[in-house]
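**Q** next one to model:
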Amino acid sequence: MAGLLKPEPSKMLIGALRDRFPDMPIHVHTHDTAGAGVAAMLACAEAGADVVDVAVDSMAGMTSQPSMGAMVACAKGTKLDTGIALEKVYDYSEYWEVARGLYAPFDCTATMKSGNADVYENEIPGGQYTNLHFQVSPAPPPRWDHRTPTLHFQAHSMGLGHKFKEVKKSYTEANRLLGDLIKRRDWPSARRNRARAHDA
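**A** Next comes the predicted model:
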């Protein structure tokens, strides 16, 4: 959920699952917080996943899912070709781009401007990352939203935006103090956690 999947561990994980359970459907969900989501989902599909989650382009990336358009384009002409016309993806994306504008004051892009690979260190799940970022960022002045006739007060409540790096570091430290709780992990880390549990 934190968007920790990387291409090579994805191949290993899905390949092992496919070998062990050849007839079981495999459905993979991840977030694109670090920006490696499309590469990881392609690796999952190549290794035998039946379904990989994506988001329409205008809603994709960062703490959302990888881009549908990028997946369709990258798979085109390969054994993974979806048969989906890119023009249809563009039309679909355009519709949701307008809809997304209506929710702009509450969108992660109000505080986040790009993906961030430090998620591999802090392991903050996608939705929690976005919510935490909103909570610690400084509140901008109220503004009139021309798309909907309401006055929006963005709830960037704690005013710690300039210390978000420290907040994420504290999250990492708390995770380690609590035993590095298992989330979706890369194989070497998962082996380390299993060995740690076995030795306890």
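**Q** for this protein, where's the lowest mean pLDDT among helices and strands?
**A** Here the helix or strand of the chain ranked lowest by mean pLDDT, DSSP states H and E is strand 150-152, holding a mean of 33.
**Q** and the next element down the chain from that strand?
**A** Per DSSP states H and E, the first helix or strand lying C-terminal to strand 150-152 is helix 164-177.
**Q** quick one: buried residues of that next one?
**A** Under the neighbour-count criterion of 16 or more other CB atoms under 10 Å, helix 164-177 has 164, 167, 168, 171, 172, 175 buried. The C-beta positions use only the backbone N, C-alpha and C, and glycine is treated the same way.
**Q** any idea which of these is closest to residue 33?
**A** residue 168 (11.5 Å; CB to CB).
**Q** and the residue nearest the centre of the protein?
**A** Residue closest to the average C-alpha location in the chain (CA atoms, centre = their mean): residue 31, at 1.8 Å.
**Q** surely it touches residue 40?
**A** No: contact criterion CB atoms under 8 Å: residue 31 and residue 40 do not qualify, at 10.2 Å.
**Q** what is the neighbour count of residue 114?
**A** Neighbours of residue 114 under the rule other CB atoms under 10 Å: 8.
**Q** no, scratch that, I was asking about residue 55
**A** Per other CB under 10 Å, the neighbour tally for residue 55 reads 20.
**Q** the residue lying closest to it once chain neighbours are set aside in helix, strand or coil?
**A** Among residues not flanking residue 55 along the chain, residue 65 sits closest, at 4.0 Å (CB to CB, 6 or more residues apart in numbering). Three-state call for residue 65 (DSSP: H, G, I helix; E, B strand; the rest coil): coil.
**Q** wait, residue 65 sits on residue 57?
**A** No: the pair residue 65 / residue 57 is not scored as a contact, 10.8 Å apart, by CB under 8 Å.
**Q** neighbour-wise, which of the two wins?
**A** Counting neighbours by other CB under 10 Å for residue 65 and for residue 57 shows that residue 65 has the greater number, 24 against 21.
**Q** show me the helices in this structure, by range?
**A** Ranges of helices within the chain are 7-20, 37-47, 68-75, 86-102, 119-122, 126-136, 164-177, 187-199, based on DSSP state H.
**Q** now those helices in CSV, with distance to residue 53 and mean pLDDT?
**A** Rendered in CSV, the data for the helices of the chain read as follows (distance: least, CB to CB, whole Å; pLDDT from 0 to 100):
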stretch, distance to residue 53, mean pLDDT
helix 7-20, 13, 96
helix 37-47, 8, 96
helix 68-75, 10, 96
helix 86-102, 15, 89
helix 119-122, 17, 83
helix 126-136, 12, 69
helix 164-177, 24, 84
helix 187-199, 21, 44
